[in-house]
Structures are given as structure tokens and as C-alpha cells.
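Enquirer: What follows is a predicted protein model with its sequence.
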Amino acid sequence: MKKNIGYILIITLVFIVFSLYFFAKCGSIFVDFSREAYIPFQMVSGEKLIKDIFLIYGFWGYFINFLIYKIQPNFNLLMIEAHIISYFIVLITYFIIKKFETSKKAAVFCSLFILSSIFSDSVFTFVQPYSFSTLWAIAGINLAFFALLYKKETLLYLTLGFIFINRIELFILTLGAITLYFIYIKKLPSKKAGYILIFPFLNLIWLIFNQISLSDILNNLNYINAQLHAKSLSFLYRCTGVFFEFEVFIKSIKNLSILAFVFSMAYLLKRYSKIASYVLIISFFVFIPRLYTYINFSLILLIIFSIYYFIKKKLSNDEIIILLLSFILASKSVFNVQWFSYSNYGFFVVVFCLYILFKKNLDKNWLYVIFCVLLLCCGFYNFLNIRNKDVKLIKTPKGNFYISSQFYNVTKKTIDYIAQNLKENETMLTVPEGQILNLIANKGWGFYNTTFIPLDFEIFGENNLIQKLRENKTDYIVIFPRDTSEYGAAEFCKNYAVDFCSYISDNYKIVNVIDEIYKVYIYKINKKE
């Protein structure tokens with residue numbers, strides 16, 4: 001451990017510097033972070049997950065955030081939590097890599113990992129998470145494979161249970177991969193396998209303590225099923241370029257084929273390793289723009305080479321473990337051809353695994369330099385992307401955040417109007433998204449769903465949402481500009497929620513219009529019975 005302290009300090013220092021620079025600048029606080037910041041506020045206000053709040057992901061992330069809000073409801077504390085989880089992931093990755101490389105190289109790779117994967121202007125970012133449960137699950141997956149590499153069975157089984165209560169589908173993938181590995185090495189699970197049940201058992205106790213009934217759980221599952229089959233969700237996936245869309249598939253295969261050709265040429269030149277290295281260097285610089293768009297297809301290259309070396313019996317058990325880890329972390333992104341998406345969670349490990357396989361036939365030192373350059377370029381790209389964003393800081397009692405300059409005036413004036421005009425006992429609803437405004441104003445709305453995007457209107461039903469609004473008699477409704485075209489309907493009140501807006505027009509009056517490039521309409525209920 002003493003030998004690692006110096007490198008860990010380097011990683012820590014780099015991480016702190018980038019944490020301070022990128023803090024509250026990644027992603028969009030209204031679109032990507034609002035739900036995660038608002039749901040713990042609902043829980044502190046007395047509402048319960050599943051019974052009163054639609055739960056898409058596992059409960060752990062919301063439970064931890066609820067405990068944080070019990071201390072102080074400030075979304076900046078959640079961002080700090082996300083940075084701490086991310087730092088933990090980096091350290092675990094360091095020790096995983098250390099099984100394959102020297103400490104110095106592991107430290108360099110981890111530093112590049114920070115640049116290339118964690119701090120990015122992404123919907124699915126580490127440091128301003130779209131889903132805390134996903135981030136906790138990613139940390140759990142890394143820890144599980146760390147335990148597998150270092151033969152720590154108790155930790156392995158505990159962690160599997162932890163992944164289960166965060167993201168069930170990732171648990172199934174992880175458990176399946178580890179089971180296949182045990183079959184491959186002809187090993188049976190030990191008695192410690194029962195530790196998998198500890199975290200699910202604690203989750204069950206939490207459900208019982210909060211009086212969550214079976215009917216509540218089934219009701220929540222029915223809504224999840226409706227969401228998975230919703231047309232608007234399917235449209236969203238098509239907009240982001242899923243692999244199974246024919247046009248995207250053809251375009252992606254074309255670029256993949258070019259890249260695969262370059263790798264193949266380098267591989268054929270293995271007897272002339274220095275020449276092969278030059279070929280790889282040139283190809284990386286030529287195809288860097290394409291790599292940003294199709295970075296997840298590095299996974300397909302990895303699968304091809306993994307199968308080849310597995311058949312040739314040139315993979316050690318440790319190499320099989322890290323390959324399985326990379327496949328699981330990147331499993332979400334294989335169906336999405338855009339850099340900004342889930343590839344953030346698996347990109348680094350995939351690249352490192354490619355390095356492990358390629359060095360079997362290519363000059364190791366040159367190859368190491370190439371992959372360092374690749375990761376450095378990706379990190380620099382993320383840095384410039386954030387650096388070039390035109391953003392301004394908004395300070396609120398519940399936390400500070402950066403927002404695009406074009407939205408700054410309208411957002412600031414909306415927050416100020418709400419603070420100055422809404423009474424303490426009055427309620428407010430923000431549509432179609434932007435629950436962060438409710439948190440800042442300390443206002444709940446008492447709806448089972450947490451957003452009012454086209455997906456919500458499809459799965460919950462517009463008439464049901466109107467009925468809920470009628471029952472709640474919400475005092476104020478804020479219609480905030482949010483382009484939801486990625487769901488197939490761009491404009492609230494025009495392309496969707498038409499009847500919902502008609503009800504608002506009939507029962508509410510406009511008390512303010514904030515017109516700053518984008519318009520915010522603020523309605524107040526005519527009269528409460």
C-alpha cells in the first residue's frame with residue numbers, strides 16, 4: 001500500500017482540481033438533474049417512493065439523498081456526493097489496472113480516465129448524475145470485479161446484492177458474467193454466496209417500514225412496463241441513433257469497417273511493430289472526430305479480438321475478468337452511437353482492454369503512448385467542450401448552478417418572481433420539466449409522476465393528469481420553455497398536453513409572462529372551493 005500512496009495522491013490532486021473546475025457545469029440542471037434533486041425533497045416532505053413517487057431506478061440513491069436532505073436540502077451536496085462516488089470509482093479502477101500494469105502507468109491511465117470519462121458535458125455524466133442509482137451501480141460493478149480479481153469473496157457477494165438494489169438489469173448482467181467465469185474456471189460458489197441477500201433484505205425492511213404494499217409495487221411495475229413500450233421512448237432512442245436502426249447501422253458499419261481495416265493492417269504488420277505503431281498513431285489522429293461519434297464501436301472491435309484470443313487460448317483468467325467488466329460497463333452504449341451517452345460509463349475500460357490485447361502482438365511501449373494520446377485527446381475534448389460553453393452562475397438558497405447564458409435572464413427572473421410572490425402555504429407545479437424550481441422555492445406538487453414530458457402523458461394518461469390537477473388544486477403553474485422534440489413532440493400545449501393546457505386556461509389566469517428570448521408563463525388558480 002505504501003508504494004501506491006504517491007500515485008494515489010497524484011490522482012487525488014488531479015481529481016480535486018478538475019472537480020473544482022467542472023463543479024455544477026456538467027449537463028443541464030433542468031433536464032438531467034432536476035428529478036434527482038427533487039425526489040429526495042418529496043421524501044423529506046413525507047412522500048414515499050413507489051407509494052407516492054414513481055420509481056424508475058433502484059431505491060438506494062434516493063435513500064442516501066434523502067438522508068443528505070434531512071441534514072440540509074441543498075442540491076450542491078448531491079453534486080459533492082456524486083464527485084465522491086466518482087473518486088471512489090477512479091481509485092477502484094486504479095487497483096484493477098494495477099493487476100496488469102506498473103503503478104506509474106496505472107496512475108497515468110487513471111488520471112486520463114478522469115479527463116476522458118468522468119468530467120464531460122453529458123446527459124449521463126458522473127458528476128451531475130441523471131440517475132444516482134446508476135452511478136452507485138457502476139461503482140458496485142467496479143468493486144465486484146475488483147473483488148473477483150483480488151479473490152475477496154465476501155466483498156464480491158455483498159457487492160452483487162448492492163448492485164441489485166440499484167439497477168436490477170445491471171445486476172443480472174454482472175451475475176451472469178461472473179457465473180460464466182466460475183463455470184469457465186470450474187469453481188462453485190462458496191457458502192458466502194448468501195451475502196448477496198443482505199442488501200435486498202435491508203431494502204425489504206425499508207419497504208415494510210414505509211408501509212409499501214404489494215399492490216403499490218405492482219402499480220409501479222405496470223407504469224414501468226408502459227414506459228418501456230411507449231412510442232415516445234422509442235422515438236427518443238431513434239433520435240439518439242440506436243444500433244438497430246437500419247440507416248444508423250449502415251452508417252456506423254461503414255466507419256467501423258474503415259477503423260477495423262486500419263487495426264487489421266497494423267496487426268498484419270506485427271513483425272514490423274514500429275511501422276505498425278506509426279500506422280495506429282496516424283489512424284487515431286485521422287479518425288479522432290469519428291471516434292467521438294462512434295466511440296462505443298470500440299466495444300465491437302474488442303469483442304472481435306477477445307473472441308480471437310480466447311479461441312487461441314491466449315487470455316489469462318485476470319484478462320477474462322477485466323474483459324467481462326468492460327462488456328458490462330459498455331453494454332448500454334452498444335445500442336447507441338453517440339459519444340455523449342452511456343459510453344461515458346464504459347469507454348475507458350474498453351480502451352484499456354484494447355491496449356491489453358493489442359500489446360500481445362504490437363510494440364508495447366509505442367502502443368502505450370498511442371492509447372495515452374487517445375485518452376488525452378478525449379479528455380482535452382471534454383475540457384474544451386465545457387470551457388467553450390457560454391454559461392452564467394445562478395445562486396439560490398438551495399444551491400448554485402451554471403446555466404446557458406440564453407436561459408440565464410429568464411431563469412433568474414422566474415426564480416425571483418416565485419420567491420417574491422408565492423406565499424409559504426401555496427403550491428406550485430412546473431411543466432414540462434424543471435422540478436429544480438420547486439426545490440428552490442420549497443414547493444411540492446403532490447403528483448405521482450415527477451415530470452410532464454410527452455413520455456409522462458403517454459404512460460399516465462392525459463385525463464388522469466388533468467384529474468390529479470383538479471384534485472390537488474395546485475395554486476401556481478409555471479410553464480417553462482423546454483424543447484422536448486427528442487420525444488417526438490417539441491412544444492408543450494401545442495404538440496402535446498393540449499387538453500391539459502385547456503384545463504389550465506379554463507381554471508387559471510396568467511399573472512406574469514417573463515419574456516427574455518424564451519417565454520415563461522406563470523398561472524394562478526382562479527378560485528379554490
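Expert: That came through, no problem.
Enquirer: Look at the closest residue to Tyr503 other than its chain neighbours and tell me its secondary structure.
Expert: Nearest residue to Tyr503, sequence neighbours excluded (CB to CB, 6 or more residues apart in numbering): Ile466, at 5.0 Å. For every residue, glycine as well, the C-beta is placed using N, CA and C. Using DSSP: H, G, I helix; E, B strand; the rest coil, the structure places Ile466 in helix.
Enquirer: With Phe457 instead?
Expert: Phe457 - assigned by three-state DSSP - is helix.
Enquirer: How about the contacts made by it?
Expert: With contact set as CB atoms under 8 Å, 6 or more residues apart in numbering, Phe457 has these partners: Leu465, Tyr496, Ala497, Phe500.
Enquirer: residues near Ser190, how many?
Expert: For Ser190, the neighbour count with other CB atoms under 10 Å is 12.
Enquirer: Likewise for Arg387?
Expert: 12.
Enquirer: and it, what pLDDT?
Expert: Arg387 carries a pLDDT value of 73.
Enquirer: Among the contacts of Phe457, which lie within helices?
Expert: Leu465, Phe500 (DSSP state H).
Enquirer: Turn the contacts of Phe457 into CSV, columns for distance to Glu81.
Expert: What follows is the contacts of Phe457, written out as CSV (distance: CB to CB, whole Å):
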residue, distance to Glu81
Leu465, 32
Tyr496, 34
Ala497, 34
Phe500, 35
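Enquirer: what about the helices in the stretch 351-500 of the chain?
Expert: 364-387, 405-421, 436-441, 454-460, 462-472, 498-507 (DSSP state H, counting those that start in this stretch).
Enquirer: Which of those helices sits closest to Val520?
Expert: For those, the distance to Val520 is smallest for helix 405-421, at 5.0 Å, taking CB to CB.
Enquirer: List the contacts of Ile141.
Expert: Contacts of Ile141 by CB under 8 Å, 6+ apart are Ile163, Leu170, Thr174, Leu325, Ile328, Leu329.
Enquirer: Could you do Asp216 as well?
Expert: By CB under 8 Å, 6+ apart, the neighbours of Asp216 are Ile50, Lys51.
Enquirer: so it sits in a helix?
Expert: Yes - assignment of Asp216 by three-state DSSP places it within a helix.
Enquirer: Would you check how far apart it and Asp52 are?
Expert: 9 Å (CB to CB, to the nearest Å).
Enquirer: Over to Phe348?
Expert: Separation of Phe348 from Asp52 (CB to CB): 38 Å.
Enquirer: again with Leu384
Expert: Leu384 is 43 Å from Asp52, by CB to CB.
Enquirer: who's more crowded, these two?
Expert: Shown here are Leu384 and Asp52; by other CB under 10 Å, Asp52 has more neighbours (18 against 11).
Enquirer: nearest residue to that one other than its sequence neighbours?
Expert: Tyr448 (6.7 Å).
Enquirer: isn't that neighbour right up against Ile50?
Expert: No - when contacts are counted by CB atoms under 8 Å, Tyr448 is not listed as touching Ile50 (9.9 Å).
Enquirer: Confirm Ala106 sits in a helix?
Expert: Yes - using three-state DSSP, the assignment for Ala106 is a helix.
Enquirer: For the spatially closest residue to it that is not a sequence neighbour, which residues are in contact?
Expert: Using CB to CB, 6+ apart and skipping the chain neighbours, the partner closest in space to Ala106 is Ile97 (4.3 Å). Residues near Ile97 by CB under 8 Å, 6+ apart: Lys105, Ala106, Phe109, Cys110, Phe352.
Enquirer: how far away is the last one from Leu302?
Expert: According to CB to CB, Phe352 stands 10 Å off from Leu302.
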